[in-house]
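S.K.: What follows is a protein structure lacking sequence information:
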């Protein structure tokens, strides 16, 4: 049975088409101003890659903060449920799942069967989500994708004091004026948010295996800072931003029609 | 004077409160805190006073939620350690 | 990029007070994250003040503000008996004899500006928001401060001024030009509120309405802080945001209490309090 999962994130919509526990196709489209349009586009991309016509998809589940836009497709699941399912599927030893998206972050504690034991979410403060790195990249005048590699070239540790995106922007600007090398600043930025994410994760207790998913999972600088902050190795599955959609697609295969 | 150190953001309120009338500067709470959040100094909000009080370190004030997360249970060690009940913790 | 966040720098000198026969000349300099003020008192009377944008160097901003307050008066730094510095973070006023916290200075300054009936002071500064309860002498009894989060601060307002394309000095008035008060933006976080406001603008909301929604959210947030500490009348507001009628009016409505009418530039409260402490310290130390 072919199923699909669509994750409506704040920055991008991700779609996954699966069959018998195998990922057949992935699609991604920027949310922009037209959420349902992006959803359709991401889904179409995944179908093309899967070489599956839309009619063959038997069940779809949606998740993500924008999911109310396409709930008519077949029902929805919470991000916590989808993330847990997807992470456990990709990394069966996962016990602490950390999901950092553009505008939301969460930490989920799983038991060995992949069941959610505890979780904590942050969707109130931009300093603890991807938007922080986005804003700092703009202030540094560096492309977002460059931030990770740039920070790994750092040779000195600098600490950021500001705990707020708005104040941190001013701090970055003064550091640029003071000619602080950009790699060092990029590292400082990742260290700052990693500290906050680690503190969030500590609320559910950090247990090995720690898995990082969501858009920020693609940032090798953040990965390095997070690992250092929690003092443990962090695993990032392939395609970390798709894990929520994977979970939704898997759950679509388990639910009876109409549930 | 009631001194409140900390912050409130969308996720809640995180303050450590000191009653200066009850604090005699004994410093026990400073020793007990595993993160070194507290220290002794004259009351900065009463410039003409010189008696030391327990204060929250400036660089800790906006990170209290993160620093204090490791102290589980209630009352927190710092609060419990004060013989005069001068401290309150979120 | 247009600079909507810029407000006018200013200075003022008294025509009535003169320094030639002064016993105590004291000064206060408040270096904030966004603005810097210098105040000079002659025997406890307000003589002159300046208000400028804080630059990248705290000591330079302090000096610049002081020079502006001295300009054209014939007074020089050497003739000032005692200077107290105050402000945000690690304040560095190189010519000050002492540094005192802004909370203490704002309470003292508000007491001078508004009179001995003030019991609750709300200061909304560039990068912080504080509520102070004080006694009839301007001595601090309790306080609550937020300087972690841009919500409820001048910087937060600047972000909005830029987004909507309106001068910060006009934001308040414009936000009041709505027939019906719109629901406040749902996020307290400035960054998220900005995203929300962007989509409201895209949906065709007029600027005034978007400003109203933001000012409403900001006022609500500040009121939470105020009610936490408890508001005892008389209530007064200091800092730059006291000049924003859109926020002040909404706070007053939420609280059911009117703020005292300011009679001088509300941004100088911190420097004023510092100068008053400087005068006390000068006398105590036998200057």
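M.R.: Perfect, thanks for sending it. None of these values were measured; they are calculated from a predicted model. Numbers count the residues shown, from 1 in each chain, chains lettered A, B, ... in the order given.
S.K.: What residues does the stretch 101-250 of chain C have near chain B?
M.R.: Proximity of the stretch 101-250 of chain C to chain B, by Cβ under 8 Å from any Cβ of the partner chain, involves residues C:101, C:103-104, C:139-149, C:151, C:187-189, C:224-225, C:228. Where you see a C-beta, it was placed from the backbone N, CA and C, and this is true even at glycine.
S.K.: Which of those fall in helices?
M.R.: Counting by DSSP state H, those place C:103, C:104, C:224, C:225, C:228 in helices.
S.K.: and the two most separated of the residues you listed?
M.R.: Of all pairs drawn from those, the greatest distance, 23.8 Å, lies between C:104 and C:224 (Cβ to Cβ).
S.K.: Of these two, give the one with the bigger neighbour count.
M.R.: A count of neighbours by other Cβ atoms under 10 Å in any protein chain shown puts residue C:104 above the other of residue C:104 and residue C:224, at 27 against 16.
S.K.: does the more buried one really touch residue B:45, like I thought?
M.R.: Yes - between residue C:104 and residue B:45 a contact is recorded at 4.9 Å, counting by Cβ atoms under 8 Å.
S.K.: Which neighbours do those two have in common?
M.R.: Both residue C:104 and residue B:45 are contacted by residue C:140, under the criterion Cβ atoms under 8 Å, 6 or more residues apart in numbering or on different chains.
S.K.: Quick check: residues of chain C near chain A?
M.R.: C:33, C:56, C:127, C:148-150, C:155-156, C:159, C:187-192, C:195, C:199, C:202.
S.K.: for the chain, what spans make up the helices?
M.R.: Here I'm looking at chain A. Here chain A has its helices, by DSSP H, at A:35-50, A:79-90, A:130-140, A:144-152, A:165-177, A:182-202, A:220-230, A:243-254.
S.K.: Can you look at chain C instead?
M.R.: C:58-70, C:102-114, C:154-164, C:168-175, C:190-202, C:207-229, C:245-255, C:269-284.
S.K.: Just give me the residue right at the centre of chain C.
M.R.: residue C:239 (1.4 Å; Cα atoms, centre = their mean).
S.K.: show me what contacts that one?
M.R.: C:106, C:123, C:124, C:125, C:154, C:266, C:267, C:269.
S.K.: my guess is residue C:126 contacts residue C:33, does it?
M.R.: Yes - counting by Cβ under 8 Å, residue C:33 is a contact partner of residue C:126 at 4.7 Å.
S.K.: Compare the two and say which is more crowded by neighbours.
M.R.: With neighbours defined as other Cβ under 10 Å, residue C:126 and residue C:33 compare such that residue C:126 has more, 27 against 22.
S.K.: List the residues that contact the more buried one.
M.R.: Counting by Cβ under 8 Å, 6+ apart, residue C:126 makes contact with C:32, C:33, C:34, C:35, C:54, C:88, C:153, C:154, C:155, C:240.
S.K.: measure the closest residue to it other than its chain neighbours to residue A:163 for me?
M.R.: Distances taken as Cβ to Cβ, 6 or more residues apart in numbering or on different chains put residue C:34 closest to residue C:126, at 2.6 Å, once the chain neighbours are dropped. According to Cβ to Cβ, to the nearest Å, residue C:34 and residue A:163 sit 17 Å apart.
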